[in-house]
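J.: Got a predicted model here, sequence first, then my questions.
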Amino acid sequence: MGDGNEVQIEPALTATDEVRSLVGELEAVLSKEYSPEQRHGLTLDTIFQPNVRFFLARLRGAAVGCGGVALFPDFAEVKRMYVRHTARGQGVADAILTRIEAEVHRTGLTMLRLETGDRQIAAMRLYVRMGFRECPAFGAYALMAPQSIASSVFFEKRIGA
């Protein structure tokens, strides 16, 4: 421990240049795969609201990933999960999700949900490996027009139960 290779997760309280860069990269990746109506990520402005906790992941000191969680009255939702390609396979995504789950547990919520795109194969493998299972559309997604969620895949996981 302390060898500099472990992943460090820290709260991101504002839209720093590192956060802007990571969210911008994520948006660029998703915009190549999905039409605007099928992308449901939070904007930078909505990431830093009272009901959202956002985290930055560092590997060897460099910002390499991010992820957040939006807290609702009866569930929490993973938002803006992203790891740079160069840092994949090194435990960064696992560490971000573990930190998100700890935050959800701390709030007393017991259901963690997420929406991802059907072309995000590696992400879906990660979610299944981390104990998530597919579920129907939830929350605001359940009220959207079918074409807006045609490429969406929904997952959920019970936390602390």
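T.: Nice, I can see it. Numbers count the residues shown, from 1 in each chain.
J.: what's the weakest-modelled helix or strand in the chain?
T.: The weakest-scoring helix or strand in the chain, judged by mean pLDDT, DSSP states H and E, is helix 44-47 (a mean of 87).
J.: tell me the secondary structure for the residue nearest the centre of the chain?
T.: The residue lying closest to the centre of the chain (C-alpha atoms, centre = their mean) is residue 81, at 2.8 Å. Recorded secondary structure, residue 81: strand (DSSP: H, G, I helix; E, B strand; the rest coil).
J.: hang on, isn't it packed against residue 70?
T.: No - Residue 81 is not in contact with residue 70 according to C-beta atoms under 8 Å; the separation is 11.9 Å. C-beta here means a position set from N, CA and C on the backbone, and glycine is covered the same way.
J.: Helices of the chain, residue ranges please.
T.: Remark: helices assigned in the chain by DSSP state H are 17-33, 44-47, 92-107, 121-129.
J.: Any idea which of those helices gets closest to residue 59?
T.: Comparing the helices of the chain against residue 59 with C-beta to C-beta, the closest turns out to be helix 92-107 (6.0 Å).
J.: outside of the lengthiest strand in the chain, which residues touch it?
T.: What stands out as the longest strand in the chain, according to DSSP state E, is strand 62-71. For strand 62-71, contacts defined as C-beta atoms under 8 Å, 6 or more residues apart in numbering pick out 12, 18-19, 21-23, 26, 42, 47, 51-59, 76-84, 86-87, 92-93, 96-97, 99-100, 103-104, 107, 109, 112.
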